[in-house]
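Enquirer: Prediction below, plus the sequence it came from.
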Amino acid sequence: MGLIEGGTGRNVVPDRCELAAEARSRDEGKLADLVQEMVDAFTFAAAVTECEVETRISETYAGYRFRPDDPVFALATHAVQRAGLEARPIDVGGGADANVFNARGLPCVNLANGMMQVHTPAEHIAVADLETMLNVTLELVEAARGA
């Protein structure tokens, strides 16, 4: 994923360009390798075209993983099941508010809510799925109250 900005007009070669890119992996080693590969590619392309390149690397959010017996995971599983659904843990590579909460020491599980065609112009969710997530939320509140 990325964003490229630069130039003053459609038919003018820009004097500078800015590229904001993102790399993700659940494996920290692979992520470091991927970031280095990207930096190497930018550096090579700049050298070939006699340009200068400046890179800044920052971590926007950290990944997280819970075991089924971790209290926050068990609480979420219980609430999902009480709402009449099957809880299925999956690994994802995206970022959510849960990443930020976990990084700040507040355990948080990200729950899928039935959205379709996510991150596209056609992203949508059915009203029934929203109602289901309301039931899951109410069950989470009840489960947390008893915890």
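Expert: Alright, I've got the coordinates.
Enquirer: per-domain residue ranges of the protein.
Expert: The chain breaks down into these domains under automatic domain parsing: 2-48, 71-146.
Enquirer: Any idea which residue is closest to the centre of the chain?
Expert: residue 95 (1.7 Å; CA atoms, centre = their mean).
Enquirer: Check which helix or strand residue 133 maps to.
Expert: helix 127-146 (DSSP states H and E).
Enquirer: Now do that helix: which elements does it pack against?
Expert: Under the contact criterion of 3 or more CB pairs under 8 Å, 6 or more residues apart in numbering; DSSP states H and E, helix 127-146 touches helix 71-82. Just so you know, the C-beta spots here come from the backbone N, C-alpha and C atoms, and that holds for glycine as well.
Enquirer: Quick one: distance of the helix it packs on to the chain centre.
Expert: Distance of helix 71-82 from its chain centroid, counting by CA atoms, centre = their mean, to the nearest Å, is 22 Å.
Enquirer: So for the following helix or strand past it, what gets flagged as buried?
Expert: As assigned by DSSP H and E, the chain's next helix or strand after helix 71-82 is helix 97-103. Applying a neighbour-count criterion of 16 or more other CB atoms under 10 Å, one finds 98-99, 101-102 buried in helix 97-103.
Enquirer: Student question: in the chain, what's the helix or strand with minimum average pLDDT?
Expert: strand 2-6 (a mean of 87; mean pLDDT, DSSP states H and E).
Enquirer: Tabulate the CA atom coordinates of the next helix or strand after it in PDB.
Expert: Later in the chain than strand 2-6, the nearest helix or strand by DSSP H and E is strand 17-21. Taking C-alpha atoms only, strand 17-21 is exported to PDB below (Å, rounded to 0.1, in the frame of the first residue of the first chain):
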ATOM      1  CA  CYS A  17       8.300  13.300  -5.000                       C
ATOM      2  CA  GLU A  18       7.200  11.800  -1.800                       C
ATOM      3  CA  LEU A  19       6.200   8.200  -1.300                       C
ATOM      4  CA  ALA A  20       4.500   6.900   1.800                       C
ATOM      5  CA  ALA A  21       4.500   3.100   1.800                       C
END
